[in-house]
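Undergrad: no sequence for this one, just the structure:
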């Protein structure tokens with residue numbers, strides 16, 4: 001056991017992979033400070049989420065997990081899930097409209113907003129996931145630092161796009177309510193589960209470049225590959241349960257707020273349809289509508 005533990009090694013340092021998160025953290029901190037000076041400070045919990053996401057990405061790229069990721073597929077899978085799924089989601093939770101305003105003021109960036117549409121973000125995320133797991137491209141990332149940096153950048157970037165329709169501050173389509181969001185989450189996890197099951201049940205080794213590391217750790221290539229599939233499927237299941245629980249609580253909260261607005265409108269003698277109240281609540285405009293109702297306006 002001792003030789004195996006010793007082979008885990010220390011961390012790794014690939015500067016090319018740290019440039020992006022360093023720039024993102026600096027830009028976020030500067031913009032958050034500017035907004036705070038203007039009296040529009042970013043909520044502390046959002047700052048904490050963004051910071052946690054950046055720290056998880058850094059941990060995934062420089063800790064012994066990154067070193068093991070060069071030796072074992074299961075470790076590389078854990079690394080990718082940490083930075084591209086969990087950390088990406090935390091980063092999106094840390095964003096607000098005012099934070100993104102300077103970026104969206106650029107016409108070229110604003111046009112990319114379409115990429116956060118749920119019918120665009122989900123297929124792009126799934127396509128990116130499957131393409132990078134093609135043996136030739138995946139093994140190229142193992143041997144080339146630039147390709148490896150590109151791989152991680154794509155995983156993180158498309159992971160952020162995938163989470164934007166659920167947690168992001170940009171406007172969503174009117175049809176993308178709680179039911180559609182549940183279907184979206186199921187679609188995301190279905191794509192990940194299919195790939196995870198391919199790893200679990202395949203009788204062919206997809207990435208022979210791990211052979212030396214697997215021999216050092218005393219694990220067979222198929223066991224390494226199968227365990228990677230289990231990790232992928234299990235992590236996806238746990239994250240899905242968490243998101244579905246959040247969606248259920250959100251639905252209960254929105255339904256309560258919708259009912260309160262309808263009753264307030266009736267008390268004030270203002271016409272307000274149930275559908276109008278539901279749309280306002282779903283768009284996060286419930287408080288504004290309530291203020292208007294108390295002023296006697298529709």
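TA: Structure received. What you are looking at is a predicted structure, and each value in this text was computed from that prediction instead of being measured.
Undergrad: Can you name the residues that contact the residue nearest to the spatial centre of the chain?
TA: Geometric centre of the chain, nearest residue: residue 89, 3.0 Å, by C-alpha atoms, centre = their mean. Residues in contact with residue 89, defined by C-beta atoms under 8 Å, 6 or more residues apart in numbering, are 53, 159, 163, 167, 239. The way it works is simple: take the backbone N, C-alpha and C, and place the C-beta from them, glycine included.
Undergrad: cool, and residue 79?
TA: 60, 61, 65, 66, 69.
Undergrad: distance of residue 19 from residue 152?
TA: Distance from residue 19 to residue 152, counting by C-beta to C-beta, to the nearest Å: 11 Å.
Undergrad: okay, these two: which has more neighbours?
TA: residue 152 (25 against 12; other C-beta atoms under 10 Å).
Undergrad: mind listing what the more buried one touches?
TA: Per C-beta under 8 Å, 6+ apart, neighbours of residue 152: 17, 61, 80, 83, 84.
Undergrad: Which member of those is positioned nearest residue 143?
TA: residue 17 (15.1 Å; C-beta to C-beta).
Undergrad: Could you check which helix or strand contains the closest one?
TA: Element membership of residue 17, judged by DSSP states H and E, is helix 15-37.
Undergrad: Same check on residue 271?
TA: Per DSSP H and E, there is no helix or strand for residue 271.
Undergrad: That one reaches residue 277, doesn't it?
TA: No. Shown here, residue 271 and residue 277 do not form a contact pair, counting by C-beta atoms under 8 Å, at 11.2 Å.
Undergrad: Now, the contacts of residue 79 that are in helices?
TA: Among the contacts of residue 79, the members found in helices (DSSP state H) are 60, 61, 65, 66, 69.
Undergrad: Excluding chain neighbours, give the residue nearest to the third one in space.
TA: The one in question is residue 65. Of all residues not flanking residue 65 in the chain, residue 79 sits nearest, at 5.4 Å (C-beta to C-beta, 6 or more residues apart in numbering).
Undergrad: Check the secondary structure at that neighbour for me.
TA: helix (DSSP: H, G, I helix; E, B strand; the rest coil).
Undergrad: can you pull the pLDDT of it?
TA: Model confidence at residue 79, expressed as pLDDT, equals 94.
Undergrad: any idea how far residue 138 is from it?
TA: 13 Å.
Undergrad: any chance you could map the helices in the stretch 1-150 of the chain?
TA: For the stretch 1-150 of the chain, helices defined by DSSP state H, counting those that start in this stretch occupy the ranges 2-7, 15-37, 44-62, 64-69, 73-81, 87-93, 97-104, 107-111, 118-132, 135-143, 145-167.
Undergrad: Check the average confidence over the third one, would you?
TA: Per-residue pLDDT values across helix 44-62 average out to 94.
Undergrad: do the same with the shortest one
TA: Per-residue confidence for helix 107-111 averages out to 89 on the pLDDT scale.
Undergrad: Need the residues that contact it.
TA: Here helix 107-111 has contacts from 103, 104, using C-beta under 8 Å, 6+ apart.
Undergrad: So what's the gap between it and the chain middle?
TA: 22 Å (C-alpha atoms, centre = their mean, to the nearest Å).
Undergrad: any idea how far the residue of the chain positioned farthest from its centre is from residue 263?
TA: Using C-alpha atoms, centre = their mean, the residue of the chain lying farthest from its centre is residue 269. It sits 44.0 Å away. Per C-beta to C-beta, residue 269 is found 12 Å from residue 263.
Undergrad: same deal with residue 291?
TA: 16 Å.
Undergrad: repeat for residue 89
TA: Distance from residue 89 to residue 263, by C-beta to C-beta: 35 Å.
Undergrad: what does residue 215 give?
TA: The value you get for residue 215 to residue 263, if C-beta to C-beta is used, is 69 Å.
Undergrad: Give me the phi and psi for the residue farthest from the centre of the chain.
TA: phi 70, psi 30 (degrees, to the nearest 10).
Undergrad: about what we covered before: adding distance to residue 192, write the helices of the stretch 1-150 of the chain out as TSV.
TA: Shown next, in TSV, are the helices of the stretch 1-150 of the chain (distance: least, C-beta to C-beta, whole Å):
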stretch	distance to residue 192
helix 2-7	29
helix 15-37	23
helix 44-62	17
helix 64-69	18
helix 73-81	9
helix 87-93	13
helix 97-104	27
helix 107-111	28
helix 118-132	7
helix 135-143	16
helix 145-167	10
